[in-house]
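Asks: quick one: sequence and predicted model below, then my questions.
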Amino acid sequence: MILRHLFSPPNNTRLSHLCGPMDEHLRTIEVALQIKIAHRHEQFKVDGTKANAKRGMEMLQALYEIAARPIAPATVCYIKLVAWRM
């Protein structure tokens with residue numbers, strides 16, 4: 001299943017913090033949930049099983065909410081664990 005989301009209004013700082021350095025945060029989520037995340041600017045696409053794609057999109061939205069400041073890798077791991085238990 002492919003889910004799409006547009007973060008609006010676009011905020012480049014938040015998007016940068018969401019993705020992490022060299023898209024590290026996105027790769028962490030992909031491995032944890034066995035999904036693929038693609039993005040171009042504020043447009044994100046999550047591809048995977050229905051349940052995992054939904055969890056991945058929820059993780060992205062949760063991280064975006066706290067992305068006013070850089071996000072620590074430990075925070076991504078914590079959110080990953082919470083999503084995995086759902």
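Replies: The structure has been received and is ready for your questions.
Asks: quick check: M57 touching H5?
Replies: Yes. M57 sits in contact with H5 when judged by C-beta atoms under 8 Å, with a separation of 5.9 Å. C-beta coordinates here come from the backbone N, C-alpha and C atoms, glycine included.
Asks: just want to know which of the two has more residues nearby.
Replies: Relative neighbour count places M57 above the other of M57 and H5, with 20 against 15, counting by other C-beta atoms under 10 Å.
Asks: give the residues shared as contacts by M57 and H5.
Replies: In terms of C-beta atoms under 8 Å, 6 or more residues apart in numbering, M57 and H5 are both contacted by the residues F44, V46.
Asks: can you give me the pLDDT of the residue positioned nearest the centre of the chain?
Replies: The geometric centre of the chain, computed from its C-alpha atoms, lies nearest to L60 (C-alpha atoms, centre = their mean), at 2.9 Å. L60 carries a pLDDT score of 94 in this model.
Asks: which residue packs closest to it, ignoring adjacent ones?
Replies: Ranked by C-beta to C-beta, 6 or more residues apart in numbering and with sequence neighbours excluded, the top spatial neighbour of L60 is F44, at 6.1 Å.
Asks: where does that neighbour land in three-state SS?
Replies: Here F44 is strand, with the state taken from DSSP: H, G, I helix; E, B strand; the rest coil.
Asks: quick check, the residue nearest to the centre of the chain in contact with L18.
Replies: Yes. With contacts counted by C-beta under 8 Å, L60 reaches L18, the gap being 6.8 Å.
Asks: need the helices for the chain, in chain order.
Replies: All helices of the chain, identified by DSSP state H, fall at 12-19, 24-33, 50-65, 73-85.
Asks: redo those as CSV? Include distance to M1.
Replies: CSV is the format used below for those (distance: least, C-beta to C-beta, whole Å):
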stretch, distance to M1
helix 12-19, 21
helix 24-33, 12
helix 50-65, 4
helix 73-85, 16
